[in-house]
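# Provide a 3D model corresponding to the input given below.
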Amino acid sequence: TKRHVNDARIMCTDFHIQLSSEESVKRYRIVPDSKQLMQTLTDMQNRFNVSESQDYHLVFFNDAVQHLVRLCRALRNKGLHVIQLGVGGTGRSSSARLATFISGAAYHERNIRRNYTLFDLRDDLKAILLKCGSQKKMCTLF
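Below is the predicted model:
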């Protein structure tokens, strides 16, 4: 049986509550109020827009929020991977960028062009892995 709160699935995150002075480690907690989570995501999006040169205006409907929470969880946990499939223009890249920002990971996007070769891919991956390894920071490749 699924438990529901305000017609939405129960979600757990580690970013919707500010850490108190006694806590040093973020822990997953149940989101008691979906409005609080929506406000947190809107605040995160605003901070993200300030740090980026482009403005992203995502619409946070229930499915999008659930997907964003899953992306954040996958980015924060070692060994988890995500493949996003779907039609272009549905917000995959924007949600991946926002989830990467929320999780504190580095975001890398490769622009594939007509004459892009396997050697180019190898060089791009080498540069990304060196950068991630030297900074000891998680990376997202899109």
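# Do I have it right that residue 31 meets residue 14?
No - look at residue 31 against residue 14 with Cβ atoms under 8 Å: they stay out of range, at 10.6 Å. C-beta here means a position set from N, CA and C on the backbone, and glycine is covered the same way.
# So those two - more neighbours on which side?
residue 31 (21 against 17; other Cβ atoms under 10 Å).
# ok, the more buried one to residue 51 distance?
24 Å (Cβ to Cβ, to the nearest Å).
# and what of residue 68?
Counting by Cβ to Cβ - residue 68 and residue 51 are separated by 17 Å.
# Same question for residue 70.
23 Å.
# Do a quick rundown of the helices in this protein.
Applying DSSP state H to the chain gives helices spanning 34-51, 62-76, 92-103, 118-135.
# Redo those helices as JSON lines? Include distance to residue 85, mean neighbour count and mean pLDDT.
Output for those, formatted as JSON lines (distance: least, Cβ to Cβ, whole Å; neighbours: other Cβ atoms under 10 Å; pLDDT from 0 to 100):
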{"stretch": "helix 34-51", "distance to residue 85": "23", "mean neighbour count": "15", "mean pLDDT": "86"}
{"stretch": "helix 62-76", "distance to residue 85": "12", "mean neighbour count": "18", "mean pLDDT": "85"}
{"stretch": "helix 92-103", "distance to residue 85": "8", "mean neighbour count": "20", "mean pLDDT": "85"}
{"stretch": "helix 118-135", "distance to residue 85": "20", "mean neighbour count": "12", "mean pLDDT": "82"}
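# Alright, calling it a day.
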